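Enquirer: only geometry, no sequence info:
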């Protein structure tokens, strides 16, 4: 039900307007894009840290921000579960809050374990490729550049005329 901003509503219709609105999909798209941007900025800020620590922080943010939940039992739409859980805590529903937190923890553990599994799998694959003599493409490029023999640069000296005399003779 989409209602114009100038139209008056009956009391029974207000809950439906609060839980559904016209730009619902685009709101979620913008929200997800902003969460990904935030994770990218944080990842850049801590880029020199170990991967496991970076992935832990990223997993916490992704699980907390992107786990969906219904804001109320009869709503057709979703909102971030962390927000729903905090509202339930403020309303005094500690059982609902703990249920939401448990769901977020399970999502976090899933994201964290899958990411670490992919990271260890990639490291194992690279190590296996190096043992077989098939270096990955990025290692080939660094190996070729280090194998090139470059000429040693000679710095000219001021007042060194002896090289001119030997060349003429």
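Expert: Thanks, I have it. Since this is a predicted model, take the numbers as computed values, not measurements. Numbers count the residues shown, from 1 in each chain.

Enquirer: any weak-confidence spans in the chain?
Expert: The chain contains residues with pLDDT under 70 at 1-20, 134-148, 150, 156, 159-169.

Enquirer: longest helix anywhere in it?
Expert: helix 94-131 (DSSP state H).

Enquirer: Tell me which other helices or strands that one touches.
Expert: helix 51-66, helix 81-90 (3 or more CB pairs under 8 Å, 6 or more residues apart in numbering; DSSP states H and E). (Glycine included, C-beta is placed from N, CA and C.)

Enquirer: how far off helix 81-90 does it point, in degrees?
Expert: 150 degrees (axes from the mean of the first three to the mean of the last three CA atoms, to 10 degrees).

Enquirer: re earlier: for residue 157, find the nearest of the helices and strands packed on helix 94-131.
Expert: Closest of those to residue 157 is helix 51-66, at 49.9 Å (criterion: CB to CB).

Enquirer: by contact count, what packs against the closest one?
Expert: helix 24-45, strand 79-80, helix 94-131.

Enquirer: Quick check: which of these is buried the most?
Expert: For the helices and strands packed on helix 51-66, average neighbour numbers computed from mean count of other CB atoms under 10 Å are highest in strand 79-80, which has a mean of 18.

Enquirer: could you list every residue that touches the spatially most central residue of the chain?
Expert: Nearest residue to the geometric centre of the chain (CA atoms, centre = their mean): residue 39, 4.4 Å. Contact partners of residue 39, counting by CB atoms under 8 Å, 6 or more residues apart in numbering, are 58, 61-62.
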